[in-house]
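Novice: Just a sequence and a predicted model for now, questions to come.
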Amino acid sequence: MPDPSDFNIVTADALTLLLHNQHALGAAIEEITHWISGNGADTVADNAVAALETLDRNAQTITDAIMRLRQSSAPR
């Protein structure tokens, strides 16, 4: 039977990779937003900023979950 701490480590590692992907997507959206805004499409840029805000909000929750999983897997 697998050790629950092994499962937590694997889950935390997977979430960490997803979080890194989320940060990369956020950076890409931010770059595109600057370009769009500079070309006069302010409504589109505003929508992109709203998407960035959602990524930021969710990133903190994912980070908290990763930390909880890693703490529950730490040797005592």
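Specialist: Cool, the structure landed.
Novice: average model confidence for the longest helix seen in the chain?
Specialist: Longest helix in the chain, counting residues (DSSP state H): helix 4-38. Here helix 4-38 scores 90 as its mean pLDDT.
Novice: just checking, next helix/strand downstream of it?
Specialist: Scanning forward in sequence from helix 4-38 by DSSP states H and E, the next helix or strand is helix 42-73.
Novice: got the angle for that next one vs helix 4-38?
Specialist: Helix 42-73 and helix 4-38 are oriented at 160 degrees to each other (axes from the mean of the first three to the mean of the last three C-alpha atoms, to 10 degrees).
Novice: Give me the mean pLDDT for helix 42-73.
Specialist: Per-residue scores along helix 42-73 average to 89.
Novice: from the chain's centre, how far out does that helix sit?
Specialist: 5 Å (C-alpha atoms, centre = their mean, to the nearest Å).
Novice: Can you get me a residue count around the closest residue to residue 37 other than its chain neighbours?
Specialist: Spatially, and ignoring its direct neighbours in sequence, residue 37 is nearest to residue 45 (3.9 Å; C-beta to C-beta, 6 or more residues apart in numbering). (C-beta placed from N, C-alpha, C; glycine too.) Number of residues near residue 45 (other C-beta atoms under 10 Å) recorded here: 18.
Novice: And residue 28, by the same measure?
Specialist: Neighbours of residue 28 using other C-beta under 10 Å come to 10.
Novice: Kindly report the same for residue 34.
Specialist: 12.
Novice: in what helix or strand does residue 75 lie?
Specialist: Under DSSP H and E, no helix or strand contains residue 75.
Novice: I'd guessed the residue nearest to residue 37 sits against residue 33; true?
Specialist: Yes. The pair residue 45 / residue 33 is scored as a contact, 5.1 Å apart, by C-beta atoms under 8 Å.
Novice: Contacts for stretch 43-59 next, please.
Specialist: Contacts with stretch 43-59, where a contact means C-beta atoms under 8 Å, 6 or more residues apart in numbering, come from 19, 22-23, 25-26, 29-30, 32-33, 36-37.
Novice: Need the residues you listed in JSON lines (columns: neighbour count and distance to residue 54).
Specialist: Formatted as JSON lines, the contacts of stretch 43-59 follow (neighbours: other C-beta atoms under 10 Å; distance: C-beta to C-beta, whole Å):
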{"residue": "19", "neighbour count": "16", "distance to residue 54": "14"}
{"residue": "22", "neighbour count": "15", "distance to residue 54": "10"}
{"residue": "23", "neighbour count": "13", "distance to residue 54": "13"}
{"residue": "25", "neighbour count": "13", "distance to residue 54": "11"}
{"residue": "26", "neighbour count": "17", "distance to residue 54": "10"}
{"residue": "29", "neighbour count": "16", "distance to residue 54": "10"}
{"residue": "30", "neighbour count": "15", "distance to residue 54": "13"}
{"residue": "32", "neighbour count": "13", "distance to residue 54": "15"}
{"residue": "33", "neighbour count": "19", "distance to residue 54": "13"}
{"residue": "36", "neighbour count": "18", "distance to residue 54": "17"}
{"residue": "37", "neighbour count": "15", "distance to residue 54": "18"}
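Novice: Nice, that's everything, thank you.
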